[in-house]
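Peer 1: sequence unknown, structure follows:
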């Protein structure tokens with residue numbers, strides 16, 4: 001018997017002091033409402049979520065809740081105040097008295113698209129993006145070089161560099177301590193790029209899930225998270241119904257069973273998927289290469305930036321945002337970072353003259369230089385207090401350099417397989433990993449995982465309206481949960497981790513959901529001694 005739930009969309013309009021306004025009555029239910037978020041592919045190097053998205057359409061005609069055409073046309077006289085890019089949006093569902101939020105985000109910069117024409121459809125398409133969009137667009141601003149940090153300690157430093165933080169976080173303790181942090185950041189490096197480096201170096205995962213209470217949660221998983229989590233997730237579902245004396249069930253006027261009790265049941269589904277997407281050999285590889293990057297560290301201060309020509313500054317002028325990247329004095333490193341940087345000293349680090357060739361009046365005493373040092377660059381503020389134009393003929397930054405030279409590859413392969421199928425390669429960039437043992441272990445582990453044709457459940461789709469169990473599974477299960485799937489025709493019978501979630505609402509209340517999945521331990525590293533998973537002589541025995 002099909003079941004249905006109520007749902008709604010809320011917007012936090014500017015100037016409403018954090019209050020949420022329900023706009024559900026203005027959502028055009030004839031158009032599809034869709035959501036997608038998470039890690040979109042289950043490949044071994046896909047370990048960071050892409051930007052999540054919510055899309056829906058609002059009634060922009062006189063038939064909306066305010067009877068005002070243009071209510072959702074920014075710039076129009078009757079446009080709703082605060083309906084603009086950046087406004088928070090969330091979507092909720094309620095079934096049998098249980099309410100869950102399934103997405104939170106902000107309207108994209110180009111996420112409001114009113115249709116033109118006073119006799120046209122008069123609708124406004126809205127696109128909402130989750131916090132991963134912030135990570136994908138934010139260029140790191142002079143992150144401070146740091147040392148000896150785990151992934152769960154570095155991610156907060158990246159978040160602190162950003163203007164908008166996630167509403168909540170869940171950081172697992174990383175397995176590795178990285179010696180040198182932010183030394184590979186470039187002038188335009190974005191937060192998402194650093195997440196990629198960290199996730200591959202730890203061989204963990206970074207993603208956003210959308211909490212049941214309406215929050216967004218930035219999750220960092222260490223590389224053992226999908227090894228130690230060996231118990232099926234549970235979700236709320238009906239476990240007791242009102243029965244008649246003859247053993248049958250009492251039904252409501254609509255034909256539904258009357259629920260007496262809700263409880264927690266294991267997340268397990270058998271042959272209820274809609275055309276499950278199952279592949280074979282999708283990530284097959286018989287040659288695996290892990291790439292690490294050796295560093296060279298200065299033991300004494302050296303010049304990491306030296307202005308190549310003069311710089312003109314007008315009388316009484318202040319120059320801000322003069323950003324200069326570090327470089328290798330010997331020219332051999334492809335990337336340079338700096339630590340223990342020295343405050344600029346007059347005559348030693350900078351000179352100003354009344355002539356561009358430096359041969360006239362020395363104006364150095366009239367130049368104030370302030371340096372804001374980052375891991376990869378310095379940003380100067382320059383003030384000329386002289387009454388004449390000055391020419392800065394010398395400007396340099398001193399500190400101890402960290403130099404990245406040519407990477408080191410560690411490659412393992414399966415010769416017999418290559419003879420049969422040719423080379424099928426996998427490359428893993430481990431930018432922060434300096435432990436050769438770890439890179440070798442991961443390369444060998446992945447070769448063992450991928451050198452045979454593995455079956456993958458790429459996506460399991462289902463209708464939430466199928467029954468109460470599937471409706472509650474849709475409401476409760478999120479990324480990172482462990483779920484069991486059975487599909488008899490393809491002999492699929494295994495546990496999988498949820499990597500990404502998508503769903504769409506059509507015809508007003510028909511919900512089709514999809515879970516993209518990843519196999520437990522398939523792309524992890526086999527390690528001995530993990531409690532509950534690989535204790536020697538207990539859960540693991542040597543062959």
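Peer 2: Okay, I see it. These figures come from a predicted structure and were not determined experimentally.
Peer 1: and stretch 250-265, average pLDDT?
Peer 2: What stretch 250-265 shows for mean pLDDT is 71.
Peer 1: straight-line length of it, end to end?
Peer 2: Using Cα to Cα, to the nearest Å, the span of stretch 250-265 from its first residue to its last is 23 Å.
Peer 1: which parts of the helix or strand hosting residue 104 are buried?
Peer 2: Following DSSP states H and E, one finds residue 104 within strand 98-114. Neighbour-count burial for strand 98-114 flags 99-108, 111-112, 114 (criterion: 16 or more other Cβ atoms under 10 Å). C-beta coordinates here come from the backbone N, C-alpha and C atoms, glycine included.
Peer 1: repeat for stretch 274-289
Peer 2: For stretch 274-289, burial by neighbour count (16+ other Cβ under 10 Å) applies to 276, 278, 283, 285, 286, 287, 288, 289.
Peer 1: now those in TSV, with distance to residue 268 and secondary structure?
Peer 2: Shown next, in TSV, are those (distance: Cβ to Cβ, whole Å; DSSP: H, G, I helix; E, B strand; the rest coil):
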residue	distance to residue 268	secondary structure
276	15	coil
278	17	strand
283	25	coil
285	31	coil
286	34	coil
287	37	strand
288	33	strand
289	38	strand
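Peer 1: which single one of the residues you listed is nearest to residue 416?
Peer 2: When the buried residues of stretch 274-289 are compared for distance to residue 416 (Cβ to Cβ), residue 286 wins out at 8.5 Å.
Peer 1: so what's that closest one closest to, chain neighbours aside?
Peer 2: Excluding the flanking residues, the one nearest residue 286 by Cβ to Cβ, 6 or more residues apart in numbering is residue 417, at 3.8 Å.
Peer 1: assumed the one you found was part of a helix.
Peer 2: Yes - assessed with DSSP: H, G, I helix; E, B strand; the rest coil, residue 417 lies in a helix.
Peer 1: who are the contact partners of it?
Peer 2: When contacts are counted by Cβ atoms under 8 Å, 6 or more residues apart in numbering, residue 417 touches 286, 424, 451.
Peer 1: for those, which one is nearest residue 247?
Peer 2: Distances from residue 247 to the contacts of residue 417, taken by Cβ to Cβ, are shortest for residue 451, at 54.1 Å.
Peer 1: ok, residues contacting stretch 487-498?
Peer 2: Contact with stretch 487-498 is made by 38, 226, 229, 232, 270-271, 273, 276, 278, 455, 457, 460, 477-486, 515-520, as judged by Cβ under 8 Å, 6+ apart.
Peer 1: only whichever of the residues you listed are buried, select them in ChimeraX.
Peer 2: The buried residues among the contacts of stretch 487-498 can be selected in ChimeraX (16+ other Cβ under 10 Å) with this line:
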select :38,226,229,273,276,278,457,460,477,478,479,480,481,482,483,485,515,516,517,518,519,520
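Peer 1: what's the separation between the residue lying farthest from the centre of the chain and residue 280?
Peer 2: Most distant from the centre of the chain: residue 360, at 55.3 Å, with distances by Cα atoms, centre = their mean. Residue 360 sits 77 Å away from residue 280, going by Cβ to Cβ, to the nearest Å.
Peer 1: for the contacts of residue 417, which one is nearest residue 153?
Peer 2: Closest approach to residue 153 among those (Cβ to Cβ): residue 451, at 34.9 Å.
Peer 1: what sits against the nearest residue in space to the closest one that is not next to it in sequence?
Peer 2: Spatially, and ignoring its direct neighbours in sequence, residue 451 is nearest to residue 414 (4.6 Å; Cβ to Cβ, 6+ apart). Neighbouring residues of residue 414 by Cβ under 8 Å, 6+ apart: 286, 287, 447, 451.
Peer 1: which of those sit farthest apart?
Peer 2: 287 and 451 (9.1 Å).
Peer 1: need phi/psi at residue 199.
Peer 2: Dihedral angles of residue 199 (phi, psi; degrees, to the nearest 10) stand at phi -60, psi -40.
Peer 1: and for it, the neighbour number?
Peer 2: Residue 199: 24 surrounding residues under other Cβ atoms under 10 Å.
Peer 1: and if you look at residue 312?
Peer 2: Residues lying near residue 312 (other Cβ under 10 Å) number 12.
Peer 1: pull the distance from the helix or strand that contains it to the chain's centre.
Peer 2: Using DSSP H and E, residue 312 maps to strand 311-313. Mean C-alpha position of strand 311-313 versus that of the full chain (Cα atoms, centre = their mean, to the nearest Å) differs by 42 Å.
Peer 1: show me what whichever helix or strand comes after it is packed up against.
Peer 2: Reading on from strand 311-313 to the C-terminus, the next helix or strand found by DSSP H and E is strand 318-325. Applying 3 or more Cβ pairs under 8 Å, 6 or more residues apart in numbering; DSSP states H and E, we find strand 318-325 packed against strand 377-384.
Peer 1: parallel or antiparallel, which strands does the strand it packs on pair with?
Peer 2: Sheet pairing of strand 377-384 (DSSP bridges) gives strand 318-325 (antiparallel), strand 367-373 (antiparallel).
Peer 1: could you pull out the helices for the stretch 51-200 of the chain?
Peer 2: Using DSSP state H, counting those that start in this stretch, the helices of the stretch 51-200 of the chain run over 132-137, 151-160, 191-202.
Peer 1: contacts for the helix or strand following the last one, please.
Peer 2: Going back to what we said before, that points to helix 191-202. Using DSSP H and E, the helix or strand that follows helix 191-202 towards the C-terminus is strand 205-210. Strand 205-210 has contacts (Cβ under 8 Å, 6+ apart) with 37-39, 47-49, 52, 101-104, 130-132, 155, 166, 195, 198-199, 216-221, 225-226, 478-480.
Peer 1: keep only those of those that are in strands.
Peer 2: Members of the contacts of strand 205-210 lying in strands (criterion: DSSP state E): 37-38, 52, 101-104, 216-221.
Peer 1: flag the shaky bits of the stretch 401-543 of the chain, pLDDT-wise.
Peer 2: Judged by pLDDT under 70, the stretch 401-543 of the chain has its weakly predicted residues at 521-543.
Peer 1: in it, which spans are helices?
Peer 2: Ranges of helices in the stretch 401-543 of the chain, per DSSP H, counting those that start in this stretch, are 415-421, 436-450, 468-476.
Peer 1: the second one packs against which elements?
Peer 2: By that I understand helix 436-450. Partner elements for helix 436-450 (3+ Cβ pairs under 8 Å, 6+ apart): strand 287-292, strand 408-413, strand 425-429.
Peer 1: how close does the residue nearest to residue 451 sit to residue 46?
Peer 2: Taking Cβ to Cβ, one finds residue 414 at 22 Å from residue 46.
Peer 1: check residue 29 too.
Peer 2: 34 Å.
Peer 1: give me the more crowded residue out of those two.
Peer 2: residue 46 (19 against 16).
Peer 1: look up the closest residue to that one, ignoring the ones flanking it.
Peer 2: Spatial nearest neighbour of residue 46, excluding adjacent residues (Cβ to Cβ, 6+ apart): residue 39 at 5.6 Å.
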